[in-house]
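>>> Need the 3D shape of this:
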Amino acid sequence: MKPKTKVIHAGIFGDKYTGSVTVPIYQTSTYKQEAVGKTKGYDYSRTANPTRHALEVLINELEFGKGGFAFGSGMAAISSVLMLLNSGDHIVITDDVYGGTFRVIDKVFKRLGLSASFVDTSDLAKTEAAITDQTRAIYLETPTNPLLKITDIQKTAELAHKHGLLLIVDNTFATPYWQHPLQLGADIVLHSATKYIGGHSDVVAGLVAVNSEELAERVGFIQNSVGAVPGPQDAWLLIRGVKTLALRMEQIESNARKIASFLDAHPKVERVYYPGLKNHPGHELAARQADGFGGMISFDVGSSEAADRLLARTKYFTLAESLGAVESLISVPAKMTHASIPKPRRDKLGITDGLIRISVGIEDGDDLVADLKQAIED
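Here you go, the predicted structure:
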């Protein structure tokens, strides 16, 4: 099945009881039992719900997994996966990581006994050097948020498995339309489904897929025990969103290439971060391990003042948190999505006050370029 067909026909199609072509929203918390312990597969919606189940089958098939799981947010998915680890364990994680991921590890899981080393995982030698006797997992973002660094998933998987470690990959930026970490050797793939999978700025959710039945059993136990699950309507919105994922991602990438080329040539832009540009250090690797470069672009205009001036002048780029929607969004990571990271660390990573991140939407690409042009130029 080709990717464009798969996003329409993967998972559970329609409803066998009524002939509905869409999965129904099962808005229920509990289910009638035929006898004590005898059910039709469902007893309580924290444990399982038919609409959520359809979503979980869908993400599992899209990611070529052995089990899929839905959560109430991307952070709920990340936190639940981290709960596979124990107090005293150590994790190696991408340094240029989403601020919420950094925060939950640094402020919550560290307090519970999990230690972490944040390293540039695009450098395999640095990743290996960070592994200790207590390390139990490597956690990647690729592309990273917000500097769009690329890590070799297959080589990192080989390294992880050589040391008996799990490899966890946040695939939010690439989506299961462009990149398949489990096929490259990862053990767990996760998404903030709020972003591209939902695609319409109308739902908050997270998704996970795993590569083994053993991991599926463990993640499923945590999901049921902690209960950070989405409601059936949110699950239904994600199923609907997936059906247009292929069309949205292709239009978004077409626009992103056009915008990145414009920014890269503009004299008032100091640096552009987009793996689709040939001058990006991870360009060739991104082309090998994924089928597309995505729709996230970061660029540095040199100062906080210049960034504020640009943001105040855009017409089609909405100043907002989040990403991955049909409308184009713009933000300053240092003051918004990555504000929880201490400034000295942000400066070291290159997340400056003049760094702007855009999430390219499906508007006309020429309009988006024109909007940025008038916003940059006085």
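>>> Go ahead and confirm A334 touches L355.
Yes. Taking CB atoms under 8 Å as the definition, A334 is a contact partner of L355 at 6.3 Å. C-beta here means a position set from N, CA and C on the backbone, and glycine is covered the same way.
>>> Pick out whichever of those two has more residues nearby.
L355 (27 against 23; other CB atoms under 10 Å).
>>> Might one say that L159 is in contact with K126?
No. In this structure, L159 is not within contact of K126 by CB under 8 Å, at 11.2 Å.
>>> okay, these two: which has more neighbours?
More crowded of L159 and K126, by other CB under 10 Å: L159, with 21 against 14.
>>> Report the secondary structure state of the more buried one.
Per DSSP: H, G, I helix; E, B strand; the rest coil, the local secondary structure of L159 is helix.
>>> Also R357?
Per three-state DSSP, R357 ends up strand.
>>> give me the number of residues near it?
Neighbours of R357 using other CB under 10 Å come to 24.
>>> again with K4
Residues near K4, counting by other CB under 10 Å: 13.
>>> Tell me if I am right that it is in a strand.
No. Using three-state DSSP, the secondary structure at K4 is helix, not a strand.
>>> Verify the stated contact: it with A246.
Yes. K4 lies in contact with A246 (CB under 8 Å); the separation is 4.4 Å.
>>> Check the gap between V81 and Q179 for me.
Here V81 is placed at a distance of 18 Å from Q179 (CB to CB, to the nearest Å).
>>> Between these two, which is the more surrounded one?
Between V81 and Q179, counted using other CB under 10 Å, V81 has the larger neighbour count: 26 against 23.
>>> Now that one: which helix or strand?
For V81, the host element (DSSP states H and E) is helix 74-82.
>>> List the contacts of that helix.
Residues outside helix 74-82 that contact it (CB atoms under 8 Å, 6 or more residues apart in numbering) are 69, 71, 91, 100-101, 104-105, 108-109, 114, 168, 170, 172, 188, 190-195, 204-208, 219, 222-223, 226, 228.
>>> what element comes up after it heading to the C-terminus?
strand 90-94.
>>> and that next one, how far from the chain's centre?
Relative to the centre of its chain, strand 90-94 is centred 17 Å away, using CA atoms, centre = their mean, to the nearest Å.
>>> who does that strand pair up with?
strand 115-119 (parallel), strand 135-141 (parallel) (DSSP bridges).
>>> Format the ones you listed as a markdown table; extra columns: mean pLDDT and distance to Q183.
Compiled in a markdown table, the strands paired with strand 90-94 are given as follows (pLDDT from 0 to 100; distance: least, CB to CB, whole Å):
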| stretch | mean pLDDT | distance to Q183 |
| --- | --- | --- |
| strand 115-119 | 97 | 25 |
| strand 135-141 | 98 | 15 |
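>>> among these, which is nearest D152?
When the strands paired with strand 90-94 are compared by CB to CB, strand 135-141 sits nearest D152, at 9.5 Å.
>>> What segments of the protein are strands?
With DSSP state E, the ranges of strands along the chain come out as 67-71, 90-94, 115-119, 135-141, 166-170, 188-192, 206-210, 271-273, 296-300, 318-319, 329-331, 355-359.
>>> quick one: which of these is nearest I239?
That would be strand 67-71 among these, by CB to CB, at 10.2 Å.
>>> helices and strands around the closest one, which ones?
Under the contact criterion of 3 or more CB pairs under 8 Å, 6 or more residues apart in numbering; DSSP states H and E, strand 67-71 touches helix 50-62, helix 74-82, strand 206-210, helix 213-226.
>>> right, so of those, which gets closest to F262?
Short answer: helix 74-82, nearest of those by CB to CB, at 30.1 Å.
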